[in-house]
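**Q** Need coordinates for the below:
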Amino acid sequence: MDGILSLCLGYLIGNVNSAAILGKWKHVDLKQEGTKNLGATNTMVVIGWKAGALVMVLDILKSFLAGKLAQFLFPQLRIAGMLACIGTMLGHCFPVLLHFKGGKGLAAFGGLVIYYRLLFVPIILFSALLLMFLLDCGVAFPIFVSVIFPVLVFAFHGTAAEVITASAAGLLLAVLHIGNVKKAIAHDESMHVRKAFKDLLSGK
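**A** As a prediction, this is how the structure comes out:
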């Protein structure tokens, strides 16, 4: 029962979509612009990198805080916080308040990683960014992250429940990015990251 409540708590918190709020403030409907996703990446593309960075931080924070709150409310369930973070991913990606059209869940997944163990962050970031630039493919980042997180949980002696929960979160993230994987396979230029990075540095 505590696990279900943790998921529900996370889902409710995940419904608070910072991209939608910022877009409304800027008079931009992000569901109709760019990639049409209510997430940090589309916010960055449509409104600007500062707005995108703000949305990313807020999305990470809401997942992290959901995890902390669930663990406080249900201390007897060791994975309560992890489940709340997964619930936040679901609420962010399928928000009932926004007709089930949200983001892709990467930042919320990042909140889960930070909640579980801060040490994992530099390991995952460095390796995922390196792979993304080597392959020149943006979707390589979330797919790699979805795999390496449960592997690290296992390698650092996580419990069976923690490994299973981390694997479930990774599977959810991978499924949410299937569309981008298909674009990458079809050689869609929107998946290339080197040019986008150069344009960002040059202020284009």
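**Q** From the contact counts, what lies against the longest helix seen in the chain?
**A** Of all segments of type helix in the chain, defined using DSSP state H, the longest is helix 49-73. Under the contact criterion of 3 or more CB pairs under 8 Å, 6 or more residues apart in numbering; DSSP states H and E, helix 49-73 touches helix 2-14, helix 18-25, helix 40-46, helix 80-93, helix 106-116. The C-beta positions use only the backbone N, C-alpha and C, and glycine is treated the same way.
**Q** chain center to the first one, what's the gap?
**A** Averaging C-alpha positions (CA atoms, centre = their mean, to the nearest Å) puts helix 2-14 16 Å from its chain's average.
**Q** and if you look at the third one?
**A** If you compare the mean C-alpha spot of helix 40-46 with that of the full chain, they lie 14 Å apart, counting by CA atoms, centre = their mean.
**Q** quick one: contacts of that helix?
**A** 19, 22-23, 28, 30, 33-36, 51-53, 55-56, 59, 103-104, 106-107 (CB atoms under 8 Å, 6 or more residues apart in numbering).
**Q** now the residues you listed: which count as buried?
**A** The neighbour-count test (16 or more other CB atoms under 10 Å) applied to the contacts of helix 40-46 identifies 19, 22-23, 28, 30, 34-35, 51-52, 55-56, 59, 103-104, 106-107 as buried.
**Q** Which two of those have the greatest separation?
**A** Val28 and Leu106 (20.8 Å; CB to CB).
**Q** Without its sequence neighbours, what residue ends up closest to the residue most central in space within the chain?
**A** In the chain, the centroid-proximal residue (CA atoms, centre = their mean) is Leu106; its distance is 1.7 Å. The spatially closest residue to Leu106, leaving aside those adjacent along the chain, is Pro142, at 5.1 Å (CB to CB, 6 or more residues apart in numbering).
**Q** Repeat that for Ala70.
**A** Ala70 sits nearest to Ala84 (CB to CB, 6+ apart), 3.4 Å away.
**Q** And Thr159, by the same measure?
**A** Nearest to Thr159 is Arg78, by CB to CB, 6+ apart, at 6.7 Å.
**Q** Can you give me the neighbour number for the one you found?
**A** By the criterion of other CB atoms under 10 Å, Arg78 has 14 neighbours.
**Q** That one in helix, strand or coil?
**A** Secondary structure state of Arg78, per DSSP: H, G, I helix; E, B strand; the rest coil, is coil.
**Q** Correct me if wrong: the residue nearest to Ala70 contacts Ser6.
**A** Yes. Assessed by CB atoms under 8 Å, Ala84 is found in contact with Ser6 at 4.5 Å.
**Q** Would you mind telling me which of these two has more residues around it?
**A** Ala84 (35 against 27).
**Q** and that one, what does it touch?
**A** 6-7, 9-10, 13, 66-67, 69-71.
**Q** any idea which of these is closest to Ser127?
**A** Gly67 (22.9 Å).
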